[in-house]
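J.: return atomic coordinates for the entry below.
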Amino acid sequence: MMQTKFSIMLGTLAMIAGLSNQLFAQTACFSSDSDANAPAGFQLSVESFASFDGSESGDLASLAGLTTYRVYLETTSEMDFVSAVYTDGANGTVSLTSSTSFYMNTFGGLTVNDINPALFTFFPALEFDSHVTIGLESEAVGEESSIIVTGVSATEADWSDSFMAGGDLAIDGSNAMAGDGWSVPAGATNGYSGEDMRILLAQLTTDGELNGSLFVELIPADATEPESHQFSFSAELCGCTDDSASNFEPGATLDDGSCIYPGCTDSAACNYDAMANEDDGTCDYCCDAVSSSNPDYGVEVELHAVGGITGLRTYRLYVTTASATDVLSAVSGYADYPLNIATTTDFYQYLGPGGGATPAAWLADFATFPAFADGAYDSYVTIGTDQMADVGAGEANATLAVTPSEPWDSVFETGDDISISSSSGGAWFLSPGATNGIAGDDNRVLIGQFTTDGYLSGDLYVQVFPEGDQAQSQEIYISWTSPLCACTDEAACNFDPTALWDDGSCQDGPAYWGENLDCEGNCLNDADGDYVCDENEIPGCLNPNACNYVEAPTDLITCIFPEEGLDCDGNCLNDVDADGICDEFEEGGCTDPEACNYDPTATDDNGTCSYPEIFVLGDVPTSSIAECSLFADGPNATWQYVFTATTPDDANSGSAQTLELNIVSLPEGGVNYRVAKTTANGNWFFGPAEPLSVGMNSKTVSAVNFARSVKFQFSNGDGEFDSLALNGESLDDCTSAEAQIATCSNFTEGTNANWPFIFTATTAADPNSNQAQTLEINITSLPEGGANWRVAKTTANGNWFFGPAEPLSVGGNSKTVSAVSFSRSVKFQFSSGD
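T.: Residues are numbered from 1 along each chain as shown. Modelled structure (predicted):
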């Protein structure tokens, strides 16, 4: 049954503020179909009328995320008439479905009859109500007719119930009688197609996928009797379905005409692409205008080099062929078919070794000599070679035909154009059988190289043997004009104001004149103003005894002399005992590797070896260089402490050595450090002194291919640090003199008088607390009455377990707590701190 909807008098709404909605343009994507007998040109179309992006609020909140569609029947004449949308009770059915639901406004109805535009100001969502219609967007006026519905009851269930509740609309034999649906009477103006040749049949608002099928009664303009046909539409995934397009969408089911074909869209360009619909900036206007008496043959002008000769462009001229086996025999000219190769300026001619009107004397190796390098850009004529012919490969140098009355070759060698137009003519040609006349895979034969800053044009009379058959000789006259293509960038050094198009040849100063120069040939950087570019300066000292002596420097710098006792390479000047330590640097020290202050660089044991008992500092906040046994006594008062990174006995001593030291405080006056290392000959080299700074200090000694010693020397031991790493490995096993348990910060106050001191091995917060815990302590003395120690640990249930008390003994004491499968705390308790 039809649900009863109500309207309200406008007068009661006067106090409600007007609202407006924003419509979002969107292209609907639907395919259409019709029965086989439907008139040609008649089909359903679906148009997106409004779209809501989901941000709507207030009176439009109910529309958030929805889209309003309008379903039309497209026709072929303004006088085509639709009278009804209905079911015939058999094959003709009506169906409008959404994969979600339809929006139904409280003030709307089944048909457009209930849509009053005057209410839109007060109820803006009403405009987007879902309803059925024939040609009406709102209430009928004038000669229009309201929509007539049949098969709808006010008291019984009918085909409208589901749709009015937001569900699908279906009219078929299951819920309607033949003829049920909606219609307008004959002559109603809203039933005619009108100027846009389409008739609105429904408005549907949903956020789902829309599909539909309508059985429509219509009277085509050229008919007198009504006829009914089934029309349908289906939701599709729109996009570009052409896999050759740049925006091809593999999942698209319907081509929406959005395919993009990038390319040159300017028909005036050489590479115009008639299929392109989006210009990709590749238009090329620098092709040659070629005219040939045989369209299978032409010329091609190739930009071979830019700036090989400063400010000039080098072109190579080819004859193009029809076949890879075609043979070019001669290039000629005479009175009837004059030859002309011209430039708007002059041709560059190289006058050095290998130069000439042809490349017959040029060898590629010449270009490797700076004095001859310009010869690679010589202007010449040829057939198929750019250097002396390789006779062993069957090549031959081109032969010139020149008459005394027209010495075109010598004129060309002065930089002028090539012009051959006398009755006797002239040419350059190959002897029969020369392989360099064969076109090859690129279907072209080189006939000349021309270096100029002008623009080329010309006429040629060429002889070609198609596929090498001399009996089929072809004489072809070809003319061409090169476009005005050069550098169009006014900021470039080789800007050409006459150029119409840019050929990519623009050069800045370094490319034009050479590295580090501007367009005027001046230095880009010349801090001292000596006309020698900073990058080309040769720094040096004029004192022959200095390490940085240079015979002819352009930039004088402070002379650097070797340290006392060393040469400029860091080698000892005097080393009587050949131990790699300069006599001036010989120092005593501890030579016992087992001692805490063992110095592997010491040459004489001076009795200073010390053997303090070790206790692990663990997480002691800081240590000074002097207090940490990782640092040994230095060789002299200037360098009091030494950290040894590696010695020749270490198989990896040749690897890079990196020291990282995080300094937390420095004494007044600071602390310096430097590298001391042995060289390949075993001598010691000492790097420059550098100050330590608060924070992380890092120094790397590069890898070598020989065994060596590497040390880091420090000027005093008062610098404090909290981390030290060698090659990325943290070292925290500094040692100190013997200490009492009571005075060592690694031990904390115990829980009672029986166990006044505790050493904590791990806590439950430590992810590795379940592993075995071993404490090793070397006792040097015990108080009278001795001292005991025991284990205290938590069990799986969190309770504490206390092991038996055991006496400490003078010497090494070790105790291990076995690994478990749970997190726990482990402590070692001590009965005395003495």
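
J.: can we go C-alpha only for contacts and neighbour counts from here?
T.: Will do.

J.: for residue 118, helix, strand, or coil?
T.: Under DSSP: H, G, I helix; E, B strand; the rest coil, residue 118 falls in the helix class.

J.: kindly provide the distance from residue 313 to residue 450.
T.: From residue 313 across to residue 450, the span is 8 Å (CA to CA, to the nearest Å).

J.: ok, for residue 53, nearest residue in space, not its chain neighbours?
T.: For residue 53, ignoring the flanking residues on the chain, the nearest one in space by CA to CA, 6 or more residues apart in numbering is residue 65 at 5.1 Å.

J.: whoops, I mixed them up, residue 462
T.: Leaving aside its sequence neighbours, residue 462 sits nearest to residue 331 (CA to CA, 6+ apart; 4.5 Å).

J.: wait, the one you found touches residue 437, no?
T.: No. Proximity of residue 331 to residue 437 does not meet the contact threshold set by CA atoms under 8 Å, at 11.2 Å.

J.: higher neighbour count, these two?
T.: The neighbour count for residue 331 versus residue 437, taken as other CA atoms under 10 Å, is higher for residue 437 (31 against 25).

J.: for the closest residue to residue 292 other than its chain neighbours, grab the count of nearby residues.
T.: Nearest residue to residue 292, sequence neighbours excluded (CA to CA, 6+ apart): residue 478, at 4.3 Å. A count of nearby residues for residue 478, using other CA under 10 Å, gives 22.

J.: where's residue 478, which helix or strand?
T.: Counting by DSSP states H and E, the secondary-structure element that holds residue 478 is strand 474-481.

J.: quick one: contacts of that strand?
T.: Among residues not part of strand 474-481, those counted as contacts by CA atoms under 8 Å, 6 or more residues apart in numbering are 288-294, 297-299, 337, 456-466.

J.: nearest residue to the spatially most central residue of the chain other than its sequence neighbours?
T.: Compute the mean C-alpha point of the chain, and by CA atoms, centre = their mean the closest residue is residue 246, 19.3 Å away. Computed as CA to CA, 6+ apart, the closest residue to residue 246 that is not its neighbour in sequence is residue 260, at 5.7 Å.

J.: what sits against that neighbour?
T.: Counting by CA under 8 Å, 6+ apart, residue 260 has contacts 245, 246, 247, 276, 277, 278.

J.: do that again at 10 Å, thanks
T.: The neighbourhood of residue 260, defined by CA atoms under 10 Å, 6 or more residues apart in numbering, consists of 240, 242, 244, 245, 246, 247, 248, 275, 276, 277, 278, 279.

J.: Three-state assignment for it, please.
T.: The local conformation at residue 260, judged by three-state DSSP, is coil.

J.: quick revisit: how would you label the residue nearest to residue 462: helix, strand or coil?
T.: Taken by three-state DSSP, the conformation at residue 331 corresponds to strand.

J.: what segments of the stretch 351-500 of the chain are strands?
T.: Assigned by DSSP state E, counting those that start in this stretch, the stretch 351-500 of the chain shows strands spanning 380-381, 399-401, 418-420, 426-429, 444-452, 456-465, 474-481, 485-486.

J.: rank those strands by pLDDT, which is bottom?
T.: Mean pLDDT per stretch puts strand 485-486 lowest among those, at a mean of 75.

J.: output the contacting helices and strands for that strand.
T.: Taking 3 or more CA pairs under 10 Å, 6 or more residues apart in numbering; DSSP states H and E as the contact definition, the neighbouring helices and strands of strand 485-486 are strand 501-502.

J.: any idea which helix or strand comes after the strand it packs on?
T.: Downstream of strand 501-502, the first helix or strand assigned by DSSP H and E is helix 509-512.

J.: ok so, going back, mind putting the strands of the stretch 351-500 of the chain into JSON lines with distance to residue 151?
T.: Output for the strands of the stretch 351-500 of the chain, formatted as JSON lines (distance: least, CA to CA, whole Å):
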{"stretch": "strand 380-381", "distance to residue 151": "95"}
{"stretch": "strand 399-401", "distance to residue 151": "101"}
{"stretch": "strand 418-420", "distance to residue 151": "96"}
{"stretch": "strand 426-429", "distance to residue 151": "97"}
{"stretch": "strand 444-452", "distance to residue 151": "82"}
{"stretch": "strand 456-465", "distance to residue 151": "86"}
{"stretch": "strand 474-481", "distance to residue 151": "81"}
{"stretch": "strand 485-486", "distance to residue 151": "78"}
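
J.: list the contacts of residue 319.
T.: If you count contacts by CA under 10 Å, 6+ apart, residue 319 has them with 297-301, 328, 331, 383-384, 439, 443-448, 460, 462, 464, 478.

J.: what sits closest to it if chain neighbours are left out?
T.: For residue 319, the spatially nearest residue (CA to CA, 6+ apart) is residue 299, at 4.5 Å.

J.: buried residues in the host helix or strand of that neighbour, which are they?
T.: For residue 299, the enclosing helix or strand under DSSP H and E is strand 298-306. Neighbour counts using 16 or more other CA atoms under 10 Å place 298, 299, 300, 301, 303, 306 of strand 298-306 among the buried residues.

J.: so how far is residue 591 from residue 632?
T.: Going from residue 632 to residue 591 by CA to CA gives 11 Å.

J.: the two: which has the busier surroundings?
T.: With neighbours defined as other CA under 10 Å, residue 632 and residue 591 compare such that residue 632 has more, 23 against 20.

J.: measure the more buried one to residue 182 for me?
T.: Going from residue 632 to residue 182 by CA to CA gives 105 Å.

J.: what sits up against the lengthiest helix in the chain?
T.: Secondary structure assigned by DSSP state H gives helix 408-413 as the longest helix of the chain. The contact list for helix 408-413 (CA under 10 Å, 6+ apart) reads 341-342, 346-351, 355-358, 378-381, 400-403, 416-421, 425-427.

J.: now list the buried members of the residues you listed.
T.: The neighbour-count criterion (16+ other CA under 10 Å) marks 341-342, 346-350, 355-358, 378-381, 400, 402, 416-421, 425-427 among the contacts of helix 408-413 as buried.

J.: got a list of what residue 205 touches?
T.: Contacts here follow CA under 10 Å, 6+ apart; on that basis residue 205 touches 48-51, 63, 66-70, 98, 101-104, 128-131, 166.

J.: what distance do you get for it to residue 107?
T.: As for residue 205, its distance to residue 107 is 15 Å (criterion: CA to CA).

J.: can you give me the helices in the stretch 51-200 of the chain?
T.: Taking DSSP state H, counting those that start in this stretch, the helices of the stretch 51-200 of the chain run over residues 161-164.

J.: show me where pLDDT drops low in it?
T.: Counting by pLDDT under 70, not a single residue of the stretch 51-200 of the chain qualifies.

J.: next one: the chain
T.: With pLDDT under 70 as the threshold, the chain has low-confidence stretches at 1-28, 287-288, 484, 500, 595-597, 604, 610-621, 732-739.

J.: can you list the domains in it?
T.: 25-239, 289-482, 583-730, 741-830 (automatic domain parsing).
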